[in-house]
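S.K.: Make a model of this:
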Amino acid sequence: MTFIVTKIFHFLPLIFGIAFLGPLLAQVIQAAGWVPPLGVSPLILGICLGSLLGLAAQVRGRWI
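M.R.: Okay, here's the model as predicted:
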């Protein structure tokens, strides 16, 4: 059980980027009135950007 929790905590920045920052960025995109290119929905673009931010935090080991 502790092994599973340890693995989840290891990937927590990536999970946070996808699950929290993705929808937040999608709402910012919609509120600003931006239209994503190629007909992509704001949620998909927000999740992609959030996952990139989470991956950067995962690799670097810090958010800032």
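S.K.: Tell me where the longest helix sits in this structure.
M.R.: Ranked by number of residues, the top helix in the chain under DSSP state H is helix 42-60.
S.K.: packing partners for that one?
M.R.: helix 12-16, helix 22-32 (3 or more Cβ pairs under 8 Å, 6 or more residues apart in numbering; DSSP states H and E). Every C-beta, even on glycine, is put in place using the N, C-alpha and C of the backbone.
S.K.: In CSV, list those helices along with mean neighbour count.
M.R.: Shown next, in CSV, are the helices and strands packed on helix 42-60 (neighbours: other Cβ atoms under 10 Å):
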stretch, mean neighbour count
helix 12-16, 17
helix 22-32, 15
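S.K.: Rebuild those as CSV, extending it with distance to Trp63 and mean pLDDT.
M.R.: Listed next are those as CSV, based on distance: least, Cβ to Cβ, whole Å; pLDDT from 0 to 100:
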stretch, distance to Trp63, mean pLDDT
helix 12-16, 7, 92
helix 22-32, 14, 96
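S.K.: OK, contacts around the closest residue to Phe11 other than its chain neighbours?
M.R.: Spatial nearest neighbour of Phe11, excluding adjacent residues (Cβ to Cβ, 6 or more residues apart in numbering): Gln58 at 6.9 Å. Counting by Cβ atoms under 8 Å, 6 or more residues apart in numbering, Gln58 touches Phe11, Pro13, Leu14.
S.K.: again with Cys48
M.R.: Contacts of Cys48 (Cβ under 8 Å, 6+ apart): Gly22.
S.K.: if I look at it, how far off is Leu25?
M.R.: Look at Cys48 and Leu25: by Cβ to Cβ, to the nearest Å, they are 9 Å apart.
S.K.: Could you do Leu55 as well?
M.R.: In terms of Cβ to Cβ, Leu55 sits 14 Å off from Leu25.
S.K.: Next, the distance between the ends of stretch 32-41.
M.R.: 14 Å (Cα to Cα, to the nearest Å).
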